[in-house]
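Q: Next input, structure requested:
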Amino acid sequence: MEALLLPIVGLLIILTLTFLFYSKKHIHNEEVNIYSKLLILNIIFIIVGIIAFAIAKLANDMFLVKIFQKIYMSILILLNYFSLKYCFMIFSVKKTKIINLTLNILTALAILLVFALPLNVIYYDNVLDGEGLSYDIAIIYSVITFLNFVILSLYLFFKKNRITKLIPFLILILLYIIGFVLRGFYRELIFEGFFYSYILLIMYHTIENPDVKIINQLNLAKDRAEKANHAKSDFLSSMSHEIRTPLNVIVGLSEDLLSYNNLPSEFSEDLNDIQNASSALLEIVGNILDLNKIEDGKVDVIDQTYDIRLEINKIIKLVSTRIGEKPITLNVNIDDNVPFELIGDIGHVKSILNNLLTNAIKYTEKGNVELNVSCKNDNNVCNLTMSVKDTGKGIKEENLSKLFTKFNRLDEERNTTIEGTGLGLVITKSLVELMNGKIDVKSQFGQGSIFTVWLPQKIKSFKKSSSDPVNNLNNDYNINFGHKKILVVDDNKLNIKVARKALSTFNFDIDECYDGLECLEKANNNQYDLIFMDIMMPNMNGEQTLAELKKNPNFNTPVIALTADAISGSKEKYISQGFVDYIAKPFSRNQIKEKLNEIFKNDQNLSNQESATYVFDSKNNEEYIITDGKKEDITKKI
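A: Next up, the predicted model:
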């Protein structure tokens, strides 16, 4: 019974392997289905071989042995057939319908001929073999399959394509050769079933292990998700640029028109509506981009020193424009124990306050919106508490849990006239948690809400800034910049027109060009005091243009980036590349004034030394300019 040793070992291997395979969850696809068929066929193959040998040994019934041998050879043909199909599938070999049909027909024909053609059983001294046309058909089919394996494996090996997956098939080829050689010397060996069990075992550990396949599938899904997410980010970035560019024209030209005196009231009202609609659209685009960056994990906390009172006053000035004609009083209370200078991510802090205040104004028709800032100082850490209280519509208790869900707007049926995407609070909560803070909301439906944020910030200084303690923030703007020469670089002529109009009140000598190459030529032949550089331009973008400009050791002109990239961290990104600052599109005259003042504030060569101080009085909700100690209406000065 030594002849049955290899088949019995092979049967134990394949039974154990089949148990392991089916005991685990695995992905159902054609490749796995073929592998499972190979497992079952090999079990049947070995059992049929053992039964045939046992009948020959014990019963000596050659007719019955002949039937089992034909079944044995037919299963061998099927094993070769499915192995070849599996090989094609593993290596993604393209099969035409004709090739597939031909393979199926040849296999079916081979099995039919095995059963139809004569077979002579040979049995002597524990040797069970056969001869005849039926036997020859099985051998020929196996040889053809073997040659297919050799050709395909060599082709893939030299292409260095999926070498790991080649291992089982290379071993199968080797075992084929070893089997044919051994059979010539030891005809009593029944090696086929054992060899296939061994090959399937190797396949399990190199290709078909369910755990490995699931991990591979997860990695594949992860790669696809990352590619899709990257494509989404690229699309959103492109969309932002495409939307912000025309918005820049709309905001800039409408702002310019509003500066004209004696406009009909109807025109002024329409222009204000245009600006309000533009601001709403800009907020939507900005929120979508911010949320996308947060979800991608690309938002960092960038610490810097900032004056908390100065920054709050800037935010109040900005959000107060949202009030319009609503009978709303906007109040700000900052405790005396709040340090004047803190260290933290002021960009995120401003985003949080802006979102909370904007939301409060948006959902309040009359009454008060109040910002209260207090803190608990612990050594060098200031635990800021910022609460925004309003007398607005309030939130139903059952809706509080939905408040920080993206794209979810509460009581949408009642708030159809209020613009927004439902992203502001989601972004706010994400930013608060990013800075190790907490956010809480209390609300009474119909009476108002209180949003409270706790943020830890480092303390830089308790000293008062030079700003007026009553108004808490003043910005100095030099109104006349003495015929300084400015170069505006933008591939969009309308954007240049908007920039010209925004700069026209400052008595600049303005030059323009439409791409990076032209900018290089002009900068080499002219001396400019400042360059406004668009970032997204064909052929050579703004970043590449600046890099080329800086190759000239004599180039020291400050360059401001003009860009639609308005997401958090953009300023730091562009400054790190060598820009002195950046302005996000769409930009307003006030933004231009602020940047110009920062750049030229230490310049002693101004031809007109007239200086004006811009003041926004948050308590009385007024804005005006002080020149030589006199209070003047802002519209007269500008």
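Q: for the helix or strand in which residue 561 is found, packing partners?
A: Element membership for residue 561, per DSSP states H and E: strand 559-563. Where contact means 3 or more Cβ pairs under 8 Å, 6 or more residues apart in numbering; DSSP states H and E, strand 559-563 is packed against strand 530-534, helix 542-549, helix 570-576, strand 581-584. Where you see a C-beta, it was placed from the backbone N, CA and C, and this is true even at glycine.
Q: ok, and which of those has the densest surroundings?
A: Mean neighbour count (mean count of other Cβ atoms under 10 Å) peaks for strand 530-534 among the helices and strands packed on strand 559-563, with a mean of 25.
Q: Where do the helices of the stretch 251-400 of the chain begin and end?
A: Assigned by DSSP state H, counting those that start in this stretch, the stretch 251-400 of the chain shows helices spanning 265-295, 308-320, 346-362.
Q: right, so these: which one is the most enclosed?
A: Across the helices of the stretch 251-400 of the chain, the average number of neighbours (mean count of other Cβ under 10 Å) peaks for helix 346-362, which reaches a mean of 22.
Q: nearest to residue 219, of the helices of the stretch 251-400 of the chain?
A: Closest of the helices of the stretch 251-400 of the chain to residue 219 is helix 265-295, at 20.5 Å (criterion: Cβ to Cβ).
Q: pLDDT wise, what is the closest residue to residue 460 other than its chain neighbours at?
A: In space, and not counting its chain neighbours, residue 460 is closest to residue 341: 3.9 Å by Cβ to Cβ, 6 or more residues apart in numbering. Here, the pLDDT recorded for residue 341 equals 91.
Q: so residue 341 makes contact with residue 461?
A: Yes - counting by Cβ atoms under 8 Å, residue 341 sits close enough to residue 461 to count as a contact (4.1 Å).
Q: Compare those two (neighbour count), which wins?
A: residue 341 (18 against 13; other Cβ atoms under 10 Å).
Q: what residues are up against the more buried one?
A: The neighbourhood of residue 341, defined by Cβ atoms under 8 Å, 6 or more residues apart in numbering, consists of 305-308, 459-461, 463, 465.
Q: so of those residues, which ones are in strands?
A: 305-307, 459-461 (DSSP state E).
Q: which among the residues you listed gets closest to residue 66?
A: Of the ones in strands among the contacts of residue 341, the one sitting nearest to residue 66 (Cβ to Cβ) turns out to be residue 306, at 93.9 Å.
Q: Next one: that closest one relative to residue 461, how far apart?
A: As judged by Cβ to Cβ, to the nearest Å, residue 306 and residue 461 stand 11 Å apart.
Q: Repeat that for residue 583.
A: 29 Å.
Q: Same question for residue 510.
A: 40 Å.
Q: those helices in the stretch 1-150 of the chain, which residues are they?
A: Counting by DSSP H, counting those that start in this stretch, the helices of the stretch 1-150 of the chain are 5-23, 30-54, 62-90, 97-116, 133-158.
Q: Tell me how far the longest one lies from the chain's centre.
A: To tie it back to what came earlier, the one meant is helix 62-90. In this view, helix 62-90 has its centroid 50 Å away from the chain centroid, taken as Cα atoms, centre = their mean, to the nearest Å.
Q: mind listing what's buried in that helix?
A: Neighbour-count burial for helix 62-90, counted by 16 or more other Cβ atoms under 10 Å, picks out 65-66, 68-90.
Q: now the first one
A: When neighbours are counted by 16+ other Cβ under 10 Å, the buried residues of helix 5-23 are found to be 6-7, 10-11, 13-14, 17-18, 21.
Q: closest to residue 484 among those residues?
A: Among the buried residues of helix 5-23, residue 21 lies closest to residue 484 (Cβ to Cβ), at 78.0 Å.
Q: doesn't residue 40 make contact with the closest one?
A: No - look at residue 21 against residue 40 with Cβ under 8 Å: they stay out of range, at 10.4 Å.
Q: Nearest residue to residue 342 in space, please, no chain neighbours.
A: Spatial nearest neighbour of residue 342, chain neighbours left out: residue 457 (4.4 Å); criterion: Cβ to Cβ, 6+ apart.
Q: looking at the sheet around that neighbour, what are its partners?
A: Using DSSP bridges, the bridge partners assigned to residue 457 are residue 382.
Q: list the contacts for it?
A: Contacts for residue 457 (Cβ under 8 Å, 6+ apart) come out as 342-344, 349, 381-384.
Q: Got a quick PyMOL command for the buried subset of those residues?
A: Only the buried entries of the contacts of residue 457 go into this PyMOL selection, using 16+ other Cβ under 10 Å:
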select buried, resi 342+343+344+349+382+384
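Q: Serialize the contacts of residue 457 to TSV and add fields for distance to residue 272.
A: Shown next, in TSV, are these (distance: Cβ to Cβ, whole Å):
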residue	distance to residue 272
342	36
343	39
344	35
349	29
381	44
382	39
383	41
384	35
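Q: Would you mind listing the two of the contacts of residue 457 that lie farthest apart?
A: Among the contacts of residue 457, the pair separated by the greatest distance (Cβ to Cβ) is 349 and 381, at 15.1 Å.
Q: closest to residue 228 out of the helices of the stretch 251-400 of the chain?
A: The nearest among the helices of the stretch 251-400 of the chain, by Cβ to Cβ, is helix 265-295 at 12.5 Å.
Q: From residue 75, how far off is the nearest residue to residue 131 once chain neighbours are set aside?
A: Nearest non-adjacent residue to residue 131, counting by Cβ to Cβ, 6+ apart: residue 120, 5.0 Å away. Distance, residue 120 to residue 75, by Cβ to Cβ: 20 Å.
Q: where does the stretch 401-550 of the chain have low pLDDT?
A: 406-422, 464-482 (pLDDT under 70).
Q: could you show me where the strands are in it, in order?
A: Taking DSSP state E, counting those that start in this stretch as the test, the strands found in the stretch 401-550 of the chain are 438-444, 448-461, 474-477, 485-489, 509-513, 530-534.
Q: got those strands as CSV, with distance to residue 221 columns?
A: Formatted as CSV, the strands of the stretch 401-550 of the chain follow (distance: least, Cβ to Cβ, whole Å):
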stretch, distance to residue 221
strand 438-444, 33
strand 448-461, 37
strand 474-477, 52
strand 485-489, 44
strand 509-513, 48
strand 530-534, 39
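Q: winner for burial among these?
A: Across these, the average number of neighbours (mean count of other Cβ under 10 Å) peaks for strand 530-534, which reaches a mean of 25.
Q: what's in contact with it?
A: Outside strand 530-534, the residues within contact range by Cβ under 8 Å, 6+ apart are 484-492, 495, 499, 519, 523, 542, 545-546, 557-563, 579, 583, 596, 599.
Q: repeat for stretch 367-381
A: Contacts with stretch 367-381, where a contact means Cβ under 8 Å, 6+ apart, come from 308, 312, 316, 327-335, 337-339, 353, 357, 360-361, 382-392, 448, 456-459.
Q: buried residues in that stretch?
A: Buried residues in stretch 367-381, counted by 16+ other Cβ under 10 Å: 369-373, 375.
Q: model confidence over it, on average?
A: Per-residue scores along stretch 367-381 average to 92.
Q: what residue is smack in the middle of this protein?
A: Note on the chain: the residue nearest the mean C-alpha position is residue 229, at 3.8 Å, using Cα atoms, centre = their mean.
Q: Quick check: that one is in a helix.
A: Yes - counting by DSSP: H, G, I helix; E, B strand; the rest coil, residue 229 is found in a helix.
Q: distance of it from residue 243?
A: Counting by Cβ to Cβ, the gap from residue 229 to residue 243 is 21 Å.
Q: same thing with residue 460?
A: Distance of residue 460 to residue 243, given as Cβ to Cβ: 38 Å.
Q: Over to residue 52?
A: Residue 52 sits at a distance of 77 Å from residue 243 (criterion: Cβ to Cβ).
Q: Residue 375 now?
A: Taking Cβ to Cβ as the measure, residue 375 falls 39 Å from residue 243.
Q: before we move on, what about residue 463?
A: Distance of residue 463 to residue 243, computed by Cβ to Cβ: 43 Å.
Q: which of the two has more neighbours?
A: Using other Cβ under 10 Å as the criterion, residue 463 and residue 243 rank with residue 243 on top: 17 against 9.
Q: No more questions from me, cheers.
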